[in-house]
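K.L.:
for reference, the sequence and a predicted model appear below.
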Amino acid sequence: MKPNMLFTIAFCLLAGVSIQAQQIGNWSSFYENGFIWNPALTANWSYMETTVTHRQDWTGFEGAPVNSSIGIQYPFLKRITRVSIGGYIEQDRVGPYSRNTGAFTYSYRFVPKFQNNYLDQLRLAASAQFHQFRYDPSNLVWFEDQAGNDFDQISSLTAANIMVGAYYVSIDDFNDFKSHYYLGLSFNQLVPTRNTNFADNTQVLLRDIYAKPHVSLNAGYRWLPSRRSRHFYEPNVLISYAFNKAVNAMFNVRYEQQNAYWASIGAVTNGELFLQGGVILTEDSFMGFIVREGLMKIGAKMDYHVGRFGRYSGIGYEFYLAYMFDMDKQFE
């Protein structure tokens with residue numbers, strides 16, 4: 001029953017009559033990697049950062065969605081950051097269908113001084129993306145009465161697109177452990193494209209692929225109980241809207257102890273509940289010989305879909321690994 005259900009669910013989203021605007025992965029709850037969805041989040045603070053993530057959804061299904069990424073972010077720091085750049089490669093797989101992406105991001109920062117705040121920042125950014133879509137029917141999971149159909153040709157196509165974003169934060173690069181609020185807005189897949197037919201023998205399953213614009217809005221508030229606090233609480237929300245009228249929202253509350261650990265809990269409007277946590281290793285930790293003057297973050301997330309679907313989907317998980325170096329140290 002499970003393989004049949006996977007076929008139904010996956011190809012309602014990814015096949016059948018058409019695919020419309022489902023080519024971007026869900027925003028990870030590890031928002032340190034948020035520049036993949038909003039380029040204005042590139043090098044959010046004064047850190048150079050290298051990240052690796054791996055996410056597996058719906059472990060109860062064969063051929064369920066898998067997402068992996070490697071990224072780097074670099075701030076050009078001279079007293080304050082004006083320019084930051086980043087790049088990443090990413091792979092999404094769902095059954096026989098996969099998307100490989102390479103992208104470059106560029107962000108420029110202003111000091112708008114809203115309400116006479118001389119520490120705030122407004123960041124405007126853009127990203128160039130290059131995609132390869134691949135269809136491998138050997139990974140199909142068939143209904144019993146459809147097994148043996150002759151769809152065996154591996155096909156691929158390439159496409160390019162652009163993304164723009166803006167991000168406002170009420171504090172500067174060097175004060176991540178001060179209370180502040182933030183608001184970000186991004187537009188993904190700005191160039192609507194229609195990529196028709198991987199190959200003649202796929203037109204029954206994958207007739208059309210449409211890349212349509214998406215809009216993402218993220219906002220939150222980081223609260224420290226006092227000026228000397230070395231921990232914070234941070235509620236935040238992400239809302240994604242696709243122009244085929246699909247809406248998804250994620251709510252999350254995070255607690256972090258500086259240079260020690262973090263934990264968070266959240267919910268998504270698609271029925272997902274998740275827990276996330278991790279450790280922050282410094283040069284004083286048992287990994288100090290590797291970390292040296294930087295920071296290493298190691299995190300994990302587990303999620304579960306409530307309702308009847310959760311009985312079949314199983315638990316999802318995600319792993320996160322990052323190395324960070326504070327560029328401000330070069331001026332000390």
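P.N.:
Arrived safely, thanks for sending. Numbering: from 1, shown residues only.

K.L.:
at which residues are the strands of the stretch 1-150 of the chain located?
P.N.:
With DSSP state E, counting those that start in this stretch as the definition, the stretch 1-150 of the chain shows strands at residue ranges 19-20, 47-56, 66-78, 80-94, 97-110, 121-135.

K.L.:
dump these to TSV, plus distance to residue 155 and mean neighbour count.
P.N.:
(Glycine included, C-beta is placed from N, CA and C.) What follows is the strands of the stretch 1-150 of the chain, written out as TSV (distance: least, CB to CB, whole Å; neighbours: other CB atoms under 10 Å):
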stretch	distance to residue 155	mean neighbour count
strand 19-20	14	18
strand 47-56	25	19
strand 66-78	20	18
strand 80-94	15	19
strand 97-110	10	19
strand 121-135	5	20
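
K.L.:
and the ones you listed as TSV, adding distance to residue 158 and mean pLDDT?
P.N.:
As requested, these are exported to TSV (distance: least, CB to CB, whole Å; pLDDT from 0 to 100):
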stretch	distance to residue 158	mean pLDDT
strand 19-20	16	42
strand 47-56	24	93
strand 66-78	19	91
strand 80-94	14	90
strand 97-110	9	93
strand 121-135	5	92
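
K.L.:
export those strands as CSV, with columns for distance to residue 283.
P.N.:
Converted to CSV, the strands of the stretch 1-150 of the chain look like this (distance: least, CB to CB, whole Å):
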stretch, distance to residue 283
strand 19-20, 48
strand 47-56, 15
strand 66-78, 20
strand 80-94, 24
strand 97-110, 29
strand 121-135, 29
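
K.L.:
what's the closest of those strands to residue 213?
P.N.:
If you check each of those against residue 213 by CB to CB, strand 19-20 wins as the nearest, at 11.4 Å.

K.L.:
residue 316 is nearest to which of the strands of the stretch 1-150 of the chain?
P.N.:
Set against residue 316 and scored by CB to CB, the strands of the stretch 1-150 of the chain come closest in strand 47-56, at 6.1 Å.

K.L.:
elements contacting the closest one?
P.N.:
On a contact count with 3 or more CB pairs under 8 Å, 6 or more residues apart in numbering; DSSP states H and E, strand 47-56 meets strand 66-78, strand 316-326.

K.L.:
return the set of buried residues in the last one.
P.N.:
Of the residues in strand 316-326, 316, 318, 319, 320, 321, 322, 323, 324, 325, 326 count as buried by neighbour count, 16 or more other CB atoms under 10 Å.

K.L.:
quick one: contacts for the first one?
P.N.:
For residue 316, the contacting residues are 55, 56, 57, 58, 59, 272, 302, 303, 304, by CB atoms under 8 Å, 6 or more residues apart in numbering.

K.L.:
ok, and what's touching stretch 81-93?
P.N.:
Contacts of stretch 81-93 from elsewhere in the structure, counted by CB under 8 Å, 6+ apart, are 23, 25, 35-36, 39, 42-43, 46, 65-76, 98-109, 173.

K.L.:
now do the helices in the chain.
P.N.:
Taking DSSP state H as the criterion, the chain contains helices spanning 2-14, 288-291, 310-313.

K.L.:
how about JSON lines for the helices and strands packed on strand 47-56, with distance to residue 184 added?
P.N.:
Output for the helices and strands packed on strand 47-56, formatted as JSON lines (distance: least, CB to CB, whole Å):
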{"stretch": "strand 66-78", "distance to residue 184": "15"}
{"stretch": "strand 316-326", "distance to residue 184": "20"}
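
K.L.:
quick one: which of the ones you listed is nearest residue 114?
P.N.:
Nearest of the helices and strands packed on strand 47-56 to residue 114, taken as CB to CB: strand 66-78 at 21.9 Å.

K.L.:
got the angle between the closest one and strand 80-94?
P.N.:
Put simply, strand 66-78 runs at 170 degrees to strand 80-94, going by axes from the mean of the first three to the mean of the last three CA atoms, to 10 degrees.

K.L.:
name every strand pairing with strand 66-78 and say which way it goes.
P.N.:
strand 47-56 (antiparallel), strand 80-94 (antiparallel) (DSSP bridges).

K.L.:
for the last one, C-alpha coordinates in PDB please.
P.N.:
I take that to be strand 80-94. C-alpha atoms of strand 80-94 as PDB (Å, rounded to 0.1, in the frame of the first residue of the first chain):
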ATOM      1  CA  ILE A  80      31.000  47.700   8.600                       C
ATOM      2  CA  THR A  81      29.900  45.300   5.900                       C
ATOM      3  CA  ARG A  82      28.800  46.900   2.600                       C
ATOM      4  CA  VAL A  83      29.000  43.900   0.300                       C
ATOM      5  CA  SER A  84      28.600  40.200   0.900                       C
ATOM      6  CA  ILE A  85      28.700  37.300  -1.600                       C
ATOM      7  CA  GLY A  86      27.700  33.700  -1.500                       C
ATOM      8  CA  GLY A  87      27.300  30.600  -3.500                       C
ATOM      9  CA  TYR A  88      25.700  27.200  -3.200                       C
ATOM     10  CA  ILE A  89      25.000  23.900  -4.900                       C
ATOM     11  CA  GLU A  90      21.800  22.000  -4.100                       C
ATOM     12  CA  GLN A  91      20.000  18.800  -5.100                       C
ATOM     13  CA  ASP A  92      16.300  18.000  -4.700                       C
ATOM     14  CA  ARG A  93      15.100  14.500  -5.500                       C
ATOM     15  CA  VAL A  94      11.600  13.100  -5.500                       C
END
